[in-house]
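Student: coords please:
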Amino acid sequence: QVQLVESGGGLVQAGGSLRLSCAASGSIFSINRMGWYRQAPGKQRELVAGITSSGSTNYADSVKGRFTISRDNAKNTVYLQMNILKPDDTAVYYCNANLYRSAVDDARNYWGQGTQVTVSS
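Tutor: Numbering: from 1, shown residues only. Sure thing, here's the model as predicted:
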């Protein structure tokens, strides 16, 4: 069994900052890519940022220069530092991990339960 547990969401004023964390636990052999997605009311879930096991990153154009993704491989944890937050950043943020549960399994995607981020104007 694999669990992804997010923390760090909340309510913040425009221009403020938040840091999200997501810890993966359970039966994990290795983790490939980890990422953060978000879903606003009435919209599709979208990629915010991703990071490979070697540290290569990619970002949605809307967050480039404001958000930074990082990970601690020893702790199976991924972070999202969000600065200069805007009301348009309001959404439920989901952690995703593509991982192997054993040396013989195929890699699969796992999701966290989501954490609400609300940015007031």
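
Student: Could you find the residue nearest the spatial middle of the protein?
Tutor: With distances taken as Cα atoms, centre = their mean, the residue of the chain nearest its centroid is residue 36 (2.6 Å).

Student: which other helices and strands contact the helix or strand where that one lies?
Tutor: Assigned by DSSP states H and E, residue 36 falls within strand 30-39. Helices and strands in packing contact with strand 30-39 are listed as strand 18-26, strand 46-51, strand 67-72, strand 77-82, strand 91-100; criterion 3 or more Cβ pairs under 8 Å, 6 or more residues apart in numbering; DSSP states H and E. (Each C-beta comes from the backbone N, C-alpha and C, glycine too.)

Student: tell me the angle the fourth one makes with strand 46-51.
Tutor: Between the direction of strand 77-82 and that of strand 46-51, the angle (axes from the mean of the first three to the mean of the last three Cα atoms, to 10 degrees) works out to 120 degrees.

Student: For the residue sitting furthest away from the middle of the chain, give its distance to residue 85.
Tutor: In the chain, counting by Cα atoms, centre = their mean, residue 104 sits farthest out from the average C-alpha position, at 26.4 Å. According to Cβ to Cβ, to the nearest Å, residue 104 and residue 85 sit 43 Å apart.

Student: And residue 22, by the same measure?
Tutor: For residue 22, the distance to residue 85 - Cβ to Cβ - is 18 Å.

Student: Pick out whichever of the two has more residues nearby.
Tutor: Here residue 22 and residue 85 are compared on neighbour count by other Cβ atoms under 10 Å; more neighbours surround residue 22, at 26 against 22.

Student: So what sits opposite that one in the bridge?
Tutor: Beta-bridge pairing for residue 22 (DSSP bridges): residue 6, residue 78.

Student: what does residue 36 give?
Tutor: residue 49, residue 95.
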